[in-house]
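Peer 1: Provide a 3D model corresponding to the input given below.
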Amino acid sequence: MNASEYLAEKAWQLIHTTAFPGLAVGNLLMIAIGLAFIYLAIAKHYEPLLLVPIGFGVIVGNIPAGAGMILGIYDPAAPDGGLLSLERLEDWGVLRYLYVGVEKGIFPPLIFLGIGAMTDFSTMLSNPKLVLLGAAAQLGVFLTFLGALLLGFTPQEAGAIGIIGGADGPTAIFLSSRLAPDLLGAIAIAAYSYMALVPVIQPPIMRLLTTRAERRIRMKRPRTVSRRERIVFPIAAFLICALLAPGALVLIGMLFFGNLLKECLVTERLAVTARTALIDIVTILLGFCVGISTTAQYFLQTKSIMIFVLGAVSFAVATAGGVLFAKFMNLFLREKINPLIGAAGVSAVPDSARVAHILGREEDPQNFLLMHAMAPNVAGVIGSAIAAGVLWSQLAR
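Peer 2: Model prediction:
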């Protein structure tokens, strides 16, 4: 072999050690989607803490590994084309180890711990009837569950898809990891996408279902909630929720544990850690790992498209359910509720509450709905976790 032939052979080998030979059209499409997520996060400020890690994870997950290299969560794939089992730990790549936090439902409860440590339930406690709006918004979960069944999904898959309507990414990930792990990537991306698009999706529905007079309704200032009430609430609420829906024990337990750390005032260091460093670290890992699970060969399937459509329907129905139930409650109340806050019954905290506030101020600049909207908003967090627990207990195989 002369020098030119040797150099040509080495050049050919070099090309085959790059990612280009394995780069398919689907990978390029997913990379474009990842870039779009990053653009929306930076340019439009749509949930940047979520979309930047997810978007970059999508890009990383769609760079093919070289021959013999174990890098992604599907490298090498199990015989059935899915993820490798725990018995093959020696075959795992680094990203696969990180993905265990998503696959085994470790990250979502830690997110709930941080959410609990930063959530103020006092507005909900000052006006308990607003809890019903958080419950009404779960209508989208169960109607979408039925729709998914009609489209041919298994009951387990339908349950995991339905929870997208709660607009709660960690809950959607937790439930899908229990019921439909093969659909986890698509469900997680759909849930977080719709959470990020709350300011785009909800306002048209809210305007369609309310009159100008209803949007101008002013609500009485919430009463002051005592420290004793704030301390007793997470303990009592946990006992009630866990006894009624044991399947929600993990998520609800971490949520109320975090809230107790905040409200008892003797564990401030722990509360600060939970709502800052801990939740930030877990959010980075969760978002990035969800992104890398969207490898085109496994993600771009007909089921994924159907999940996105059903997720949009679920989210729209949940928004409408909250608004319409607020209008229904007004038939029996002397002090009327502004129906806009019903849309905050989905658990996209605090974006859906902020949307209700903004729409109310468009009609009346002196109408401040944010604190009122936070009541159904945090109730929606509890409601979606309970809905997930009920679905898990009924559908677990």
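Peer 1: What confidence value was assigned to the residue nearest to the spatial centre of the chain?
Peer 2: Central residue of the chain (C-alpha atoms, centre = their mean): Gly169, 1.0 Å from the mean position. With respect to pLDDT, Gly169 has a value of 84.
Peer 1: Same check on Glu263?
Peer 2: 96.
Peer 1: With Ala136 instead?
Peer 2: On the pLDDT scale, Ala136 gets 89.
Peer 1: name the element the nearest residue to it once chain neighbours are set aside belongs to?
Peer 2: Nearest non-adjacent residue to Ala136, counting by C-beta to C-beta, 6 or more residues apart in numbering: Phe325, 3.5 Å away. From N, CA and C alone the C-beta is placed, and that goes for glycine too. If you go by DSSP states H and E, Phe325 is part of helix 302-330.
Peer 1: Does the residue nearest to Ala136 touch Leu130 like I think?
Peer 2: No. Taking C-beta atoms under 8 Å as the definition, Phe325 is not a contact partner of Leu130, at 10.7 Å.
Peer 1: Now for Ser122: which residues touch it?
Peer 2: Residues near Ser122 by C-beta atoms under 8 Å, 6 or more residues apart in numbering: Pro222, Thr224, Val225, Glu229, Arg230.
Peer 1: any idea how far the residue nearest to the second one when sequence neighbours are not counted lies from Pro376?
Peer 2: Taking C-beta to C-beta, 6+ apart as the measure, Thr224 lies nearest to Ser126, with 7.5 Å between them; neighbours along the chain are not counted. Relative to Pro376, Ser126 is positioned 13 Å away (C-beta to C-beta, to the nearest Å).
Peer 1: more crowded one of those two?
Peer 2: Neighbour count, other C-beta atoms under 10 Å: between Ser126 and Pro376, Pro376 has more, with 34 against 18.
Peer 1: which residues sit in contact with the more buried one?
Peer 2: Pro376 neighbours (C-beta under 8 Å, 6+ apart): Met124, Leu130, Val131, Leu133, Gly134, Ala137, Gly322, Ile341, Gly342, Ala344, Gly345, Ala353.
Peer 1: host element of it?
Peer 2: Going by DSSP H and E, Pro376 is in helix 370-395.
Peer 1: Average pLDDT for stretch 230-249, rounded please.
Peer 2: Rounded mean pLDDT across stretch 230-249 is 93.
Peer 1: What of stretch 97-107?
Peer 2: Stretch 97-107 comes out at a mean pLDDT of 89.
Peer 1: quick one: that stretch to chain centroid distance?
Peer 2: 15 Å (C-alpha atoms, centre = their mean, to the nearest Å).
Peer 1: Quick check: buried residues in that stretch?
Peer 2: Residues of stretch 97-107 classed as buried: Leu98, Tyr99, Val100, Gly101, Val102, Glu103, Gly105, Phe107 (neighbour count, 16 or more other C-beta atoms under 10 Å).
Peer 1: which one of the residues you listed is nearest Ile305?
Peer 2: Val102 (21.8 Å; C-beta to C-beta).
Peer 1: what residues are up against that closest one?
Peer 2: So Val102 contacts Ile173, Ser177, Leu184, Ala188, Leu286, Cys289, Val290, Ser293 (C-beta under 8 Å, 6+ apart).
Peer 1: ok, 7 Å please
Peer 2: Ile173, Ser177, Leu184, Leu286, Cys289, Val290 (C-beta atoms under 7 Å, 6 or more residues apart in numbering).
Peer 1: and the fifth one, what helix or strand is that in?
Peer 2: Which is Cys289. helix 279-292.
Peer 1: What of the first one?
Peer 2: Element membership for Ile173 (DSSP H and E) is helix 169-179.
Peer 1: what about Val317, how many residues close to it?
Peer 2: By other C-beta under 10 Å, neighbour count at Val317 equals 20.
Peer 1: whoops, I mixed them up, Glu268
Peer 2: Glu268: 11 neighbours (other C-beta under 10 Å).
Peer 1: confidence score at it?
Peer 2: pLDDT at Glu268 comes out at 95.
Peer 1: tally of neighbours for the residue nearest to Ala136?
Peer 2: Neighbours of Phe325 (other C-beta under 10 Å): 22.
Peer 1: still on that earlier bit, just the closest of the contacts of Ser122 to Asn367, please.
Peer 2: Pro222 (14.6 Å).
Peer 1: Quick one: work out the angle between the next helix or strand after the helix holding Ile173 and helix 169-179.
Peer 2: Proceeding C-terminally, helix 169-179 gives way to helix 184-196 as the next helix or strand, assigned by DSSP H and E. Here the directions of helix 184-196 and helix 169-179 differ by 160 degrees (axes from the mean of the first three to the mean of the last three C-alpha atoms, to 10 degrees).
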